[in-house]
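*Asks:* would you be able to build a 3D model of this:
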Amino acid sequence: MAVTAAMVKELREKTGAGMMDCKKALVESSADIEGAIDWLKKKGLSSAGKKSDRIAAEGTVAIEIEPDFDKATMVEVNAETDFVAKNEQFQNFAKKTVNHIHTTEPANIDELNKSQIEGVSFDEFVKSNIATIGENIVVRRFEIIKTQDNEVVNGYTHMGGKIGVLVSAKYDDAKNKTAVTDFLKQIAMHIAALKPQFLSYKELDADFVEKETEGIAKSIEKENEELKRLGKPLKNVPDFISKLQLTDETMAKVEEKIKEELKKEGKPEKIWDRILPGKLDRYIADNTLLDQQLCLLDQFYALDDKKTVSQVVAQKSKDLGDNIEITKFVRYELGEGIEKKDDDFAAEVAAQLG
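*Replies:* Numbers count the residues shown, from 1 in each chain. Here you go, the predicted structure:
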């Protein structure tokens, strides 16, 4: 049977392969479409093996959330170029991938690769897409959050899939489920913007905090040199950088020092109780810079920078007459930690010519 333009068009639509490859596949398979698909797959798989060594640092972060917000899945899928990452076929691959993970709940990437999707192993499914898309594709990591009773999970993607966040929380009163779910969307947006790495300062390692203390103090001293040169107000150089260091004994000494200062300023002792809380809050804010940088509950809220996230959660609990507790969050930023290849095009051409 002769190969027609209509056959080539049909094969291209089914496989995404190039026109000349489709024509050759049809010739090799005696104009049989299914045979041509198999031929292209075999040819594509061999080229996919070569592509799989190339660095994939672009792509997308995709999420899937159950309608009742009791389960959510997030996956990072990488490609080599932003151009391909925006391609409809790649986006469909990412959607199928997150749905497959959400449904089958593999424990890890190895288990994912062995699972079955569309009649083949997921590993073969990836290679087939590499062959048709023409770039290396990597399913880098994924997270599944399944909630318990009186707990919900919500998520948010930012910058067209460059950043993804899942966050869950417990609450007491069933009537507040929708309000808590909506509130978590706002918290997820904060997490996307402020990049916390831990839920609370309680998760920080004491040795790590100790090592960071001197460095943060010195960086502020250096910043103050520039502020002084510009005639701007100087920042307070902290004694500490985390609540982990603010023991009851330390705070008692701070309180005594503040009282001495108030006495020197001639403030009547009867009004100290009104002044002390604000002074202590200010001291804590100045001496928990590491917490504010790394810990979600200790960061100042993106939508109200006068309050920490912990204070915002407490206020929301009060407004709803409930007890909201953020239990977990996961934040993916596309390509973080991947060392992108710095291609030297001239050197590459020279090497090929040589």
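
*Asks:* where do the helices sit along this structure?
*Replies:* Assigned helices in the chain, in chain order: 5-15, 19-28, 33-51, 82-85, 88-104, 109-114, 122-133, 177-194, 206-229, 248-264, 272-286, 289-294, 309-320, 345-353 (criterion: DSSP state H).

*Asks:* in this structure, which helix or strand is least confident?
*Replies:* For the chain, counting by mean pLDDT, DSSP states H and E, helix 345-353 ranks last in confidence among helices and strands (a mean of 45).

*Asks:* neighbours of residue 232, how many?
*Replies:* The number of residues packed near residue 232 is 10, by other C-beta atoms under 10 Å. Where you see a C-beta, it was placed from the backbone N, CA and C, and this is true even at glycine.

*Asks:* typo on my end, residue 290
*Replies:* For residue 290, the count of nearby residues is 24 (other C-beta under 10 Å).

*Asks:* with the one 4 residues further on instead?
*Replies:* Number of residues near residue 294 (other C-beta under 10 Å) recorded here: 21.

*Asks:* skipping adjacent residues, who's closest to it in space?
*Replies:* Excluding the flanking residues, the one nearest residue 294 by C-beta to C-beta, 6 or more residues apart in numbering is residue 197, at 4.8 Å.

*Asks:* state the distance from the one you found to residue 169.
*Replies:* 19 Å (C-beta to C-beta, to the nearest Å).

*Asks:* more crowded one of the two?
*Replies:* Neighbours per residue, other C-beta under 10 Å: of residue 197 and residue 169, the larger number sits with residue 169, 23 against 12.

*Asks:* in this structure the more buried one contacts residue 325, no?
*Replies:* Yes: with contact defined as C-beta atoms under 8 Å, residue 169 and residue 325 form a contacting pair (6.2 Å).

*Asks:* for the helices of the chain, give me TSV that also has distance to residue 139.
*Replies:* Listed next are the helices of the chain as TSV, based on distance: least, C-beta to C-beta, whole Å:
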stretch	distance to residue 139
helix 5-15	21
helix 19-28	25
helix 33-51	14
helix 82-85	14
helix 88-104	6
helix 109-114	7
helix 122-133	7
helix 177-194	21
helix 206-229	31
helix 248-264	47
helix 272-286	42
helix 289-294	28
helix 309-320	31
helix 345-353	28
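
*Asks:* so which of these comes closest to residue 144?
*Replies:* helix 88-104 (7.0 Å; C-beta to C-beta).

*Asks:* how distant is the closest one from the center of its chain?
*Replies:* 18 Å (C-alpha atoms, centre = their mean, to the nearest Å).

*Asks:* what's the closest non-adjacent residue to residue 191?
*Replies:* The shortest distance from residue 191 to any non-neighbouring residue, by C-beta to C-beta, 6+ apart, is to residue 165 (4.7 Å).

*Asks:* brain fart, residue 302
*Replies:* Spatial nearest neighbour of residue 302, excluding adjacent residues (C-beta to C-beta, 6+ apart): residue 190 at 4.3 Å.

*Asks:* and residue 122, how many neighbours does it have?
*Replies:* Around residue 122 there are 23 other residues, counting by other C-beta under 10 Å.

*Asks:* what number of residues are in the vicinity of the nearest residue to residue 23 once chain neighbours are set aside?
*Replies:* For residue 23, ignoring the flanking residues on the chain, the nearest one in space by C-beta to C-beta, 6+ apart is residue 8 at 5.3 Å. Using other C-beta under 10 Å, residue 8 is surrounded by 20 other residues.

*Asks:* contact partners for the residue nearest to residue 191?
*Replies:* Residues in contact with residue 165 (C-beta atoms under 8 Å, 6 or more residues apart in numbering) are 74, 155-158, 188-189, 191-192, 329-332.

*Asks:* any figure for the gap between it and residue 79?
*Replies:* Going from residue 165 to residue 79 by C-beta to C-beta gives 21 Å.
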